[in-house]
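Colleague: A structural model of the following input is requested.
(2 chains)
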Amino acid sequence: MILLTLYWEYFKVGLFAVGGGLATLPFLSELGQRTGWFTQQKLADMLAVSESTPGPIGVNMATYVGYTTAGVPGAVIATLGLITPSVIIILIVASVLEKFRKNKYVDSAFYGIRPASTAMITSALLGLLALCLFGAGSVMKMFTEGIFINYKAWILFAVLLVLTNIKKLKDLHPLVFIAASAVVGILFSFSGE
Amino acid sequence: MDYLELFISFARVGVMTFGGGYAMLPMLQRELVNKRKWVTEEEILDYFAIGQCTPGVIAVNTATFVGKKRKGVLGSIFATLGIVFPSLVIITILAAFLSNFADLAAVKNAFAAIRVCVCVLVINSVRKLLKKTVIDVPTGIIFGLIVICATVFKLSPVIYVLLSAVCGIVIKSLEVKK
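Modeller: Residues are numbered from 1 along each chain as shown, chains lettered A, B, ... in the order given. Purely as a prediction, here's the structure:
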């Protein structure tokens, strides 16, 4: 019975959380308070683990919450609940899109949407840079709360920027650079602790 | 075996993505655009834009899109299961054996450096995308305005996508009249 409830609760999260994985957080916070399945503290721990493991954050959170609530079957059911509405909605959008792809208005709309999509990715990137290089929670907080220059991060950043653009190295798998960074981070205690 | 290929490709993207969403972009470009040639860079961007306006995790939405394009409804299901499979395995194991994984000093240090690496990888991805999407003055203006707006005001991405779609239609119809 709890599996059915879990599926339904996660189905609702998947249906209403617009804008990616982190958008599921407020829904999960409310879910924990309402059902008593997990505390807010536990939710914060689960978020930390989900951010420090491979995979989309929203999916990781679903698996973790499901496991905490009802073991391995719970993990599977919560994840399936989360993705069911996405799959249904995207399938509908995709078939409509295929039909109208050649339409001149749809084509013009995407002419405008594409630079906007690049712009939103760039903005998210600026937020990530503010966090990694200036120790600020967001670009705006750099102005209101000041900055902290993390020299180790700057050096790694500069080295990686050069290495990933050298002809011989740039076709290496991104995972190579990620793994090398992880080793550097551990050797030089990057988090400053 | 096309279904299995979809599952494995997306499982690979899932296992290599640290941080979800935009951090997935370099992996998608490599696996789907360069290696498999299943979709173009423009299509990935379209899927990202739509994925932001529709409910659910962007990674899952993108997988469903590509799967549908390749192999219909069944393809979309295999691609989607592929992208969630690594999470299911990794998180279940971690949850079972380690309650304080994220507190370990080594994990914190590794991820502080991985985040820097993800920044660099996304910068390289964005440079590729800029060449393909900012192709003239109007697209340059749309790009600049939305970078500023999205950074200063935290509005829903739905608004930016709808606004830029309207801009696109208006600009193109003005061009035709000329």
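Colleague: what's the end-to-end length of stretch B:96-105?
Modeller: Start-to-end span of stretch B:96-105 (CA to CA, to the nearest Å) is 20 Å.
Colleague: so what secondary structure elements neighbour the lengthiest helix in chain B?
Modeller: Longest helix in chain B by number of residues, with DSSP state H as the criterion: helix B:58-97. In terms of contacts (3 or more CB pairs under 8 Å, 6 or more residues apart in numbering or on different chains; DSSP states H and E), helix B:58-97 is packed against helix A:40-51, helix A:57-100, helix B:2-16, helix B:41-53. For glycine as for every other residue, the C-beta is placed from the backbone atoms N, C-alpha and C.
Colleague: can you redo those as a markdown table with mean pLDDT, mean neighbour count and distance to residue A:163?
Modeller: Formatted as a markdown table, the entries for those read as follows, by pLDDT from 0 to 100; neighbours: other CB atoms under 10 Å in any protein chain shown; distance: least, CB to CB, whole Å:
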| stretch | mean pLDDT | mean neighbour count | distance to residue A:163 |
| --- | --- | --- | --- |
| helix A:40-51 | 81 | 18 | 25 |
| helix A:57-100 | 91 | 22 | 27 |
| helix B:2-16 | 91 | 20 | 18 |
| helix B:41-53 | 85 | 22 | 23 |
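Colleague: now the longest helix of chain B against helix B:41-53, angle please.
Modeller: 70 degrees (axes from the mean of the first three to the mean of the last three CA atoms, to 10 degrees).
Colleague: next one: the next helix or strand after helix B:58-97 to chain centre, how far?
Modeller: Using DSSP states H and E, the helix or strand that follows helix B:58-97 towards the C-terminus is helix B:105-133. Between the centre of helix B:105-133 and the centre of its host chain there is 13 Å, according to CA atoms, centre = their mean, to the nearest Å.
Colleague: what do you get for stretch A:43-61?
Modeller: Centroid separation between stretch A:43-61 and its chain, computed with CA atoms, centre = their mean, is 9 Å.
Colleague: got the end-to-end distance for that stretch?
Modeller: Distance between the two ends of stretch A:43-61: 9 Å, counting by CA to CA.
Colleague: quick check, that stretch touching chain B?
Modeller: Yes: part of stretch A:43-61 sits close enough to chain B to count as contact by CB under 8 Å from any CB of the partner chain, namely A:45, A:48-60.
Colleague: residue A:169: what secondary structure?
Modeller: Put simply, residue A:169 is coil when judged by DSSP: H, G, I helix; E, B strand; the rest coil.
Colleague: so what's residue B:162 closest to, chain neighbours aside?
Modeller: What sits nearest to residue B:162 in space, not counting adjacent residues and going by CB to CB, 6 or more residues apart in numbering or on different chains, is residue B:53, at 7.8 Å.
Colleague: low-scoring pLDDT stretches of chain B, where are they?
Modeller: The model of chain B has pLDDT under 70 over residues B:20-21, B:99-100, B:102, B:178.
Colleague: tell me the domain boundaries of it?
Modeller: For chain B, whose domains are defined here by automatic domain parsing, the residue ranges read B:2-133, B:134-178.
Colleague: one step back: the residues of stretch A:43-61 next to chain B into a markdown table, with extra columns for distance to residue A:150?
Modeller: Formatted as a markdown table, the entries for the residues of stretch A:43-61 next to chain B read as follows, by distance: CB to CB, whole Å:
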| residue | distance to residue A:150 |
| --- | --- |
| A:45 | 25 |
| A:48 | 20 |
| A:49 | 23 |
| A:50 | 23 |
| A:51 | 18 |
| A:52 | 18 |
| A:53 | 23 |
| A:54 | 24 |
| A:55 | 26 |
| A:56 | 26 |
| A:57 | 23 |
| A:58 | 28 |
| A:59 | 30 |
| A:60 | 26 |
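Colleague: out of the helices and strands packed on helix B:58-97, nearest to residue A:6?
Modeller: Each of those has some distance to residue A:6 by CB to CB; the shortest is helix A:57-100, at 5.3 Å.
Colleague: what is that closest one packed up against?
Modeller: Taking 3+ CB pairs under 8 Å, 6+ apart as the contact cut, helix A:57-100 packs with helix A:2-16, helix A:25-35, helix A:40-51, helix B:41-53, helix B:58-97.
Colleague: what is the orientation angle of the third one with helix B:58-97?
Modeller: Right, the one you point to is helix A:40-51. Direction vectors for helix A:40-51 and helix B:58-97, defined by the same axes, to 10 degrees, enclose an angle of 110 degrees.
Colleague: who are the packing partners of helix A:40-51?
Modeller: Counting by 3+ CB pairs under 8 Å, 6+ apart, helix A:40-51 packs on helix A:25-35, helix A:57-100, helix B:58-97.
Colleague: residue A:184: which of the helices and strands packed on helix A:57-100 is closest?
Modeller: The minimum distance between residue A:184 and those falls on helix A:40-51, with 19.3 Å, by CB to CB.
Colleague: what does that closest one contact?
Modeller: For helix A:40-51, the external contacting residues (CB atoms under 8 Å, 6 or more residues apart in numbering or on different chains) are A:25, A:28-29, A:32-33, A:38, A:57, A:60-61, A:64-65, A:68, B:19, B:91, B:94-95, B:99-103, B:111.
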